[in-house]
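Visitor: got a sequence here, can you build the structure:
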Amino acid sequence: MRIARFSIDGNVAFGAVEGDGAPGDDSTLVLDIIKGIPFADFELSGTKVPLSKVRLLPPVLPNKVVAIGRNYAEHAAELGNEVPDAPITFFKPSTSVVGPGDPITYPSFSQDVHHEAELAVVIGRMCREVPRERVKDVILGYTCANDVTARDVQQREKQWARAKGFDSSCPLGPWIETDLDPSDLTIQCTVNGEQRQLGRTSDMVRSIEDLIVHITEAMTLLPGDVILTGTPAGVGPLNVGDVVAVTIEGIGTLTNKVIKRG
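Guide: I've put the predicted structure just below:
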């Protein structure tokens, strides 16, 4: 099931996406409005609205986004880094999250902002110290993410909080796919239609199971929390006016435009 979060006539709701297509090419797509929230038992209402009549929002508003650095060997190498002995974890604040079609605002304190296409894991239930055999039980589904990074700031500051946590640095969307095997999916990033990144989730150094076990040894994850699983090689600069799109096999495409900070 594809679960979208959307607004219509000033109201926010979740809906199951039905039909084929993608945001922007959505004449055949409709939303069956969900009674309740997707983090608990829910029913489809049978009330349907065309996707073209709503505004898609970030599929979740996470309490926290836990991100993983250098989880693809070729990406680590392209920036002159080794694959770490243990996963590098960092946070992106909830205020960094934007949805499909929302602008990425170029931060005033950077001159070198990069795209990083990533598979995002959406947590479905509160969990801590999750054993490997139960990891699938705590996952609601998967969505596309762009871990937008102020690369120059990342390189000169020891902490990544500003470089990766600025407002609009975490686009998520277009929806959550709940029925998906994430082990070998194509991840692609284009800028103005030109391919920049092309990789597969099978190239992750550490699997999603490894990451959730590692993270939940230290902290409780809440329903709606998001884990960013790392980016493949090919990261590169974004400029004001660029349109960046992240496409993941079996999920869809997340598109955002870069704008100047007002």
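Visitor: the residue lying closest to residue 239 once chain neighbours are set aside: neighbouring residues, count only.
Guide: Setting aside the residues directly before and after it, residue 239 is nearest to residue 258 in space (Cβ to Cβ, 6 or more residues apart in numbering), at 6.6 Å. Where you see a C-beta, it was placed from the backbone N, CA and C, and this is true even at glycine. Look at residue 258: counted by other Cβ atoms under 10 Å, it has 20 neighbours.
Visitor: ok, residue 234 next?
Guide: Count around residue 234 with other Cβ under 10 Å applied: 20.
Visitor: so who does it touch?
Guide: Residues near residue 234 by Cβ atoms under 8 Å, 6 or more residues apart in numbering: 75, 78, 189, 196, 197, 198, 199.
Visitor: quick one: which of those residues is most hemmed in?
Guide: residue 189 (27 neighbours).
Visitor: okay, that one: pLDDT?
Guide: pLDDT, residue 189: 98.
Visitor: wait, it sits on residue 118?
Guide: No. With contact defined as Cβ atoms under 8 Å, residue 189 does not reach residue 118; the gap is 9.4 Å.
Visitor: so how far is residue 126 from the residue lying closest to residue 128 once chain neighbours are set aside?
Guide: Leaving aside its sequence neighbours, residue 128 sits nearest to residue 220 (Cβ to Cβ, 6+ apart; 4.4 Å). Here the criterion is Cβ to Cβ, to the nearest Å. By it, residue 220 lies 6 Å from residue 126.
Visitor: helix or strand right after the helix or strand in which residue 143 is found?
Guide: For residue 143, the host element (DSSP states H and E) is strand 139-146. The helix or strand immediately downstream of strand 139-146 is strand 149-150, counting by DSSP H and E.
Visitor: measure residue 228 to residue 50 for me?
Guide: For residue 228, the distance to residue 50 - Cβ to Cβ - is 31 Å.
Visitor: which one of the two has more residues nearby?
Guide: residue 228 (26 against 13).
Visitor: so what's the more buried one bridging to?
Guide: residue 67, residue 120 (DSSP bridges).
Visitor: ok now stretch 189-202, how far from the chain's centre?
Guide: Between the centre of stretch 189-202 and the centre of its chain there are 15 Å (Cα atoms, centre = their mean, to the nearest Å).
Visitor: as PDB, could you dump the C-alpha coordinates of the lowest-mean-pLDDT helix or strand in the chain?
Guide: Among the helices and strands of the chain, helix 73-78 carries the lowest confidence by mean pLDDT, DSSP states H and E, at a mean of 88. What follows is helix 73-78, C-alpha atoms only, in PDB (Å, rounded to 0.1, in the frame of the first residue of the first chain):
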ATOM      1  CA  ALA A  73      31.800   2.500   0.000                       C
ATOM      2  CA  GLU A  74      32.000   4.400  -3.300                       C
ATOM      3  CA  HIS A  75      30.400   7.500  -1.800                       C
ATOM      4  CA  ALA A  76      32.800   7.400   1.100                       C
ATOM      5  CA  ALA A  77      35.700   7.100  -1.300                       C
ATOM      6  CA  GLU A  78      34.600  10.000  -3.600                       C
END
